[in-house]
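# sequence plus predicted model, see below.
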Amino acid sequence: AAHKTLPFGTRVMVSRGGRNVVVTITDRGPYAGPCREIDLSRAAAERLGMIRTGVSRVGLLVVKETTR
């Protein structure tokens, strides 16, 4: 996943519609607009059922933040 400020290696639980997936921050972004907070891999988006929508509201919870 990509996030603008979280350190690389941080684990984040992303939730949408009763589904959850834990992702690792490995990149920077998104830069598409101020309301977008995280970019997900295709696999993570599939697990959350958001392939058709492409963009969706999600919940974020930092599970483990690294100091890298």
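That came through fine.
# the closest residue to residue 20 other than its chain neighbours sits in which helix or strand?
Nearest non-adjacent residue to residue 20, counting by C-beta to C-beta, 6 or more residues apart in numbering: residue 13, 5.6 Å away. Where C-beta positions appear, they are placed from N, C-alpha and C, glycine not excepted. When secondary structure is defined by DSSP states H and E, residue 13 falls within strand 11-16.
# that strand pairs with which strands, parallel or anti?
Taking DSSP bridges as the criterion, strand 11-16 pairs within the sheet with strand 19-24 (antiparallel), strand 59-64 (antiparallel).
# just confirm residue 1 contacts residue 41, I think it does.
Yes - with contact defined as C-beta atoms under 8 Å, residue 1 reaches residue 41; the gap is 6.6 Å.
# who has more neighbours, the two?
Between residue 1 and residue 41, counted using other C-beta atoms under 10 Å, the more crowded position is residue 1 (23 against 15).
# quick one, what contacts the nearest residue to that one once chain neighbours are set aside?
Excluding the flanking residues, the one nearest residue 1 by C-beta to C-beta, 6+ apart is residue 23, at 3.9 Å. Taking C-beta atoms under 8 Å, 6 or more residues apart in numbering, we find residue 23 in contact with 1, 11, 12, 14, 38, 40, 41, 44.
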